[in-house]
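Student: Next comes the sequence, and after it the predicted model I'd like to discuss.
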Amino acid sequence: ITEQTLHAEGFISADLSSNQKIGVDFSIDNMMYDKPLKNYSLIKLMPGYLFSNDDVRFHAGVNVDFQTGYASGLKVSPDVRFDYTFSGSYKFYANVTGGTILNDFRTLNGVSPYWLPMEQTKTSYTPYDARVGIKGSPVNGLGFNLYGGYRETKDELFSMPFLEDGGIFNGFFQSKAKVAYAALSMDYNHRDFVDFGFSLGYFNWKTEKGMDALLFLKPEYYINAYARARIFEGLHASLKYLYEGRVSTLGKRTDAVNELNLSAEYNLNDRFNIFVGFNNLLNSKYIAETGYPVQGFNVMAGVSLNF
């Protein structure tokens, strides 16, 4: 099966005043396939109004998505975004957005390169994704972002591994899904000497009745941390850690992601770089979203040249 895509996009805008603007963004994707898959076109219009000054940025718009051919129909969703900057370095924001996402071969390959077609995937439509948060920088070099939200998506894409002729492949399934989420991230950077940070996140997933098994590889929460330091001129070392607990489905929970990686790189000059990485130091065993078990502890080293 082959897929061909014809894509075009553009925008038209006009200034109403020094801090007000109206405009329309638009795009079209023509998706063409061999049989038995069906061709379709997705036309997206995004008219909107923008007001901005030193403290406030407000965008009021709408996403109008029209699809012809396979799974044809008209879908409308909001595109409303509000930012308020206060105390110089803090920003409160509230967004209600949505839209239609192509689930073309490039999207599927981004999830797993080892997938087999089960049936033709539909576009995923989000009627609303409401998010509110605050971010800022209390001191020089330190930044944080705290937010929470709720999203509903029709034909959400789910990845499920299965065995076929002795090999492991991924199948893609779709269902309506709702998720409440919250996250906190914080980062610190001090010139080129050291930078480190962490992020925490939580998800509460809901699917259609009888479809809970599709949450097999979806995250319920995660902890992510990293640190990078300059040992001496040209030599940097990095440490990264990720723990991701999966959703419990049908009374079972897939093994969590629990990975620690250590790496170093040395820049001899602007063109020559030496690097080494010690991956999965904990020798963890879990299934990645690609559907394949991850490799245990491994080492990778090499050189890179820039011309």
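Tutor: Received, thanks.

Student: ok, now how distant is Leu214 from Asp155?
Tutor: Between Leu214 and Asp155 the computed distance is 12 Å (C-beta to C-beta, to the nearest Å). Every C-beta, even on glycine, is put in place using the N, C-alpha and C of the backbone.

Student: typo on my end, it should be Lys122
Tutor: 5 Å.

Student: which one of those two has more residues nearby?
Tutor: A count of neighbours by other C-beta atoms under 10 Å puts Asp155 above the other of Lys122 and Asp155, at 20 against 16.

Student: Tell me if I'm right that that one and Ser124 touch.
Tutor: Yes: taking contacts as C-beta atoms under 8 Å, Asp155 lies within contact range of Ser124: 4.9 Å.

Student: Find the residues that touch each one of the two.
Tutor: Asn103, Gln174 (C-beta atoms under 8 Å, 6 or more residues apart in numbering).

Student: ranges for the helices of the stretch 51-200 of the chain?
Tutor: 105-111 (DSSP state H, counting those that start in this stretch).

Student: Gly136 pairs with what?
Tutor: Beta-bridge partners recorded for Gly136 (DSSP bridges): Tyr90, Phe144.

Student: so what sits against both of Lys122 and Asp155?
Tutor: Joint contacts of Lys122 and Asp155 (C-beta under 8 Å, 6+ apart) are Asn103, Gln174.

Student: Skipping adjacent residues, who's closest to Asn258 in space?
Tutor: Closest residue to Asn258 apart from its sequence neighbours, by C-beta to C-beta, 6 or more residues apart in numbering: Ser284 at 4.4 Å.

Student: Check the secondary structure at that neighbour for me.
Tutor: Following DSSP: H, G, I helix; E, B strand; the rest coil, we place Ser284 in the coil state.

Student: what about it, how many neighbours?
Tutor: 17.

Student: Surely it is in contact with Pro293?
Tutor: No: taking contacts as C-beta under 8 Å, Ser284 lies outside contact range of Pro293: 10.2 Å.

Student: Which residues are in contact with each of these two?
Tutor: In contact with both Ser284 and Pro293: no residue, using C-beta under 8 Å, 6+ apart.

Student: Output the below-cut-off pLDDT ranges for the stretch 51-200 of the chain.
Tutor: Applying pLDDT under 70 to the stretch 51-200 of the chain picks out residues 166-167.

Student: where do the strands sit along it?
Tutor: Assigned strands in the stretch 51-200 of the chain, in chain order: 56-69, 73-86, 90-101, 124-136, 142-164, 167-190, 194-207 (criterion: DSSP state E, counting those that start in this stretch).

Student: Identify the contacts common to Leu214 and Asp155.
Tutor: Overlap of the contact sets of Leu214 and Asp155 (by C-beta under 8 Å, 6+ apart) consists of Ser175.
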